[in-house]
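Asks: Fold the following and give me the result.
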Amino acid sequence: AAPPRASPWRGRAQADRHILAFGSQQGLLAIAGSKGIRLWNLDAGQEILALEAPDSPVESLAFSPKDERLAAGLQDRSIRLFDLKTKTEIQKWEGHAGPVTHLAFHPDGTRLLSGSNAQDVILWDVPAGKPLSALPRLNRGLEKLLWSADGQRGLMVTQSGHLHWFPTADQLKPRLLARLATYGEEWAYVRDFAYAKNTQMLAVANDWGIRLLDKKAGRELPFLPEDYVKLVEWAPTGRVLMAASADLFGWDVIQRKEVYRITQAQMKGSATCLAKSPDGQIVATGMSNQTACFWDPQTGRLIREVSLKRELPQGGWWFITSVQFSADGRLLFVMAKDRYFVIEVESGLVWFQTPNQEPADTSFAVMGDFELLSAESRGTARLWSWAPESHPRTGRPPEQLWNALAKPDGPAVVEMAEASGLGLV
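Replies: I've put the predicted structure just below:
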């Protein structure tokens, strides 16, 4: 059978870096490269707008909340603001000491946070086009700049593992909330984190264990020691934390006791990736033994185990590397190297797998209930779609589960150099 076809959006690029940003509208994507900035409607498979290339390489992109404007941080230390209706550059801001690598619009669009690799941060008044406040130099470089959903606070994470809050939307007066990456005097990598909205608890996993931060009380709970904790997720109650080290275990943060532990020997492998269903009732883990497991995070009960050993080569690095639920929670997307599988959660049936291809490190993002966006290290990004009525009980070959969305002249892909990861926020 012929391999699945990608949808008809095209755009060839030379071997240079590309910066991507998603808009708030479904399917809106901005791609910046040496040829300029292009906007794509992924649902229609069309390029909808092309902006002239700035006179300096683009380092970061950010849409305003209503997708009316696009901010671009440049290597020449400036920020350019584009009006997407008139297709013109309307403002140019300067003030950073290095290339602008981070941008974040306030939820109402009137403020913009920007950061550079020279470790400075600026808060901009967008309508006035001028800086409101600035942090001239941080102790370490930036990892992330964000706004809270209500716009009352900004969030800054530094490479030293420090989490800072900006208490207001008009002044950069950061308050240290937590040191995420250290325990005692030893440095440790942050492996994962999870936030429980109902209890306002933040769990941060690192090489030495788990840090537990009670945002409501404004304090840090006693450290939970455990070697090399790589994955964490909260049960729906926000009280029990499921964590994966070599074992899989649950921790009651109120009573401070372990409520369950499934050892690596019992699982015949270890968890390599994790995802929570949209309703929070199920946690899925991809395993090193080529199985996908569905768990009750509150009790640690194994709901279902689906083996992909028949579909995957044995030995080497053919373990499951990523799992994600569909928006309605009915399907689980599974990736092992460059092969994709879709598992029906209720029955455990494997809907399909992609045909064998040349191995390539790949990441993916779920666009909707039946769409998938993938990026490969060899420089290709693909948008996939398949028929929701297709099902293994129909007896149709797996390859036919993909919809052919290509133009009459053949399949189309967008090729991008050094594509290493995609994500949806």
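
Asks: now the helices: where do they sit in the protein?
Replies: 264-267 (DSSP state H).

Asks: How far does stretch 104-112 sit from its chain's centre?
Replies: Distance, stretch centre to chain centre, for stretch 104-112: 21 Å (Cα atoms, centre = their mean, to the nearest Å).

Asks: average pLDDT for it?
Replies: For stretch 104-112, mean pLDDT is 90.

Asks: just stretch 144-151 next, same as before
Replies: On average, the pLDDT along stretch 144-151 is 81.

Asks: cool, stretch 66-73 as well?
Replies: 89.

Asks: for stretch 296-311, same thing?
Replies: Mean predicted confidence for stretch 296-311 is 92.

Asks: In PDB, could you pull the C-alpha coordinates for it?
Replies: The C-alpha coordinates for stretch 296-311 follow below in PDB (Å, rounded to 0.1, in the frame of the first residue of the first chain):
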ATOM      1  CA  ASP A 296      -6.100   5.100  37.600                       C
ATOM      2  CA  PRO A 297      -3.800   7.800  39.100                       C
ATOM      3  CA  GLN A 298      -5.700   7.900  42.400                       C
ATOM      4  CA  THR A 299      -5.300   4.200  43.200                       C
ATOM      5  CA  GLY A 300      -2.500   3.000  40.900                       C
ATOM      6  CA  ARG A 301      -4.900   0.400  39.400                       C
ATOM      7  CA  LEU A 302      -3.800  -0.900  35.900                       C
ATOM      8  CA  ILE A 303      -6.900  -0.400  33.700                       C
ATOM      9  CA  ARG A 304      -5.500  -1.800  30.500                       C
ATOM     10  CA  GLU A 305      -2.200  -2.700  28.900                       C
ATOM     11  CA  VAL A 306      -1.800  -2.700  25.100                       C
ATOM     12  CA  SER A 307       1.300  -4.300  23.600                       C
ATOM     13  CA  LEU A 308       2.900  -3.100  20.400                       C
ATOM     14  CA  LYS A 309       5.700  -5.700  20.400                       C
ATOM     15  CA  ARG A 310       4.300  -7.400  17.300                       C
ATOM     16  CA  GLU A 311       4.300  -4.100  15.400                       C
END
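
Asks: Need the residues that contact that stretch.
Replies: Contact with stretch 296-311 is made by 233-237, 240, 242, 248-250, 259-262, 276, 280-283, 289-295, 320, 334, 336, 339, 341, 343, 345, 348, 350, 353, as judged by Cβ atoms under 8 Å, 6 or more residues apart in numbering. To be clear about C-beta, it is placed using only N, CA and C from the backbone, and glycine gets the same treatment.

Asks: which parts of that stretch are buried?
Replies: By neighbour count on 16 or more other Cβ atoms under 10 Å, the buried set for stretch 296-311 is Asp296, Pro297, Gln298, Gly300, Val306, Leu308, Glu311.

Asks: what's the answer for stretch 57-70, then?
Replies: Residues of stretch 57-70 classed as buried by neighbour count (16+ other Cβ under 10 Å): Pro57, Val58, Glu59, Ser60, Leu61, Ala62, Phe63, Ser64, Pro65, Arg69, Leu70.

Asks: list the contacts for the fourth one?
Replies: Think Ser60. Listed by Cβ under 8 Å, 6+ apart, the contact partners of Ser60 are Ile19, Ala72, Gly73, Val100, Thr101, His102, Leu103.

Asks: Which one of the buried residues of stretch 296-311 is nearest to Gly45?
Replies: Glu311 (29.7 Å; Cβ to Cβ).

Asks: now the closest one: how far from Ala72?
Replies: Between Glu311 and Ala72 the distance, using Cβ to Cβ, to the nearest Å, works out to 43 Å.

Asks: Would you check which pair of the buried residues of stretch 57-70 lies furthest apart?
Replies: Most distant of the buried residues of stretch 57-70, by Cβ to Cβ, are Pro57 and Pro65, 26.0 Å apart.

Asks: Below-threshold pLDDT in the chain: ranges please.
Replies: 1-17, 26, 139-140, 159-162, 167-188, 315-317, 338, 351-425 (pLDDT under 70).

Asks: Out of the buried residues of stretch 57-70, name the ones that lie in strands.
Replies: When DSSP state E is applied, the buried residues of stretch 57-70 are split such that Val58, Glu59, Ser60, Leu61, Ala62, Phe63, Arg69, Leu70 fall in strands.

Asks: from the buried residues of stretch 296-311, which single one is nearest Met267?
Replies: Gly300 (11.2 Å).

Asks: Report the separation between the closest one and Arg239.
Replies: Shown here: Gly300 relative to Arg239, a distance of 14 Å by Cβ to Cβ.

Asks: show me the contacts for Glu59.
Replies: Ile19, Gly73, Leu74, Gln75, Pro99, Val100, Thr101.

Asks: list the contacts for the residue nearest to the first one when sequence neighbours are not counted?
Replies: Okay, so that is Ile19. Nearest residue to Ile19, sequence neighbours excluded (Cβ to Cβ, 6 or more residues apart in numbering): Ala32, at 4.4 Å. Contact partners of Ala32, counting by Cβ under 8 Å, 6+ apart, are His18, Ile19, Leu20, Arg38, Val58, Leu61, Ala72.

Asks: sorry, back to before: if you rank the contacts of Ser60 by neighbours, which is first?
Replies: Val100 (30 neighbours; other Cβ atoms under 10 Å).

Asks: ok, that one - contacts?
Replies: By Cβ under 8 Å, 6+ apart, the residues touching Val100 are Glu59, Ser60, Gly73, Leu74, Arg77, Ser78, Ile79, Ser114, Gly115, Ser116.
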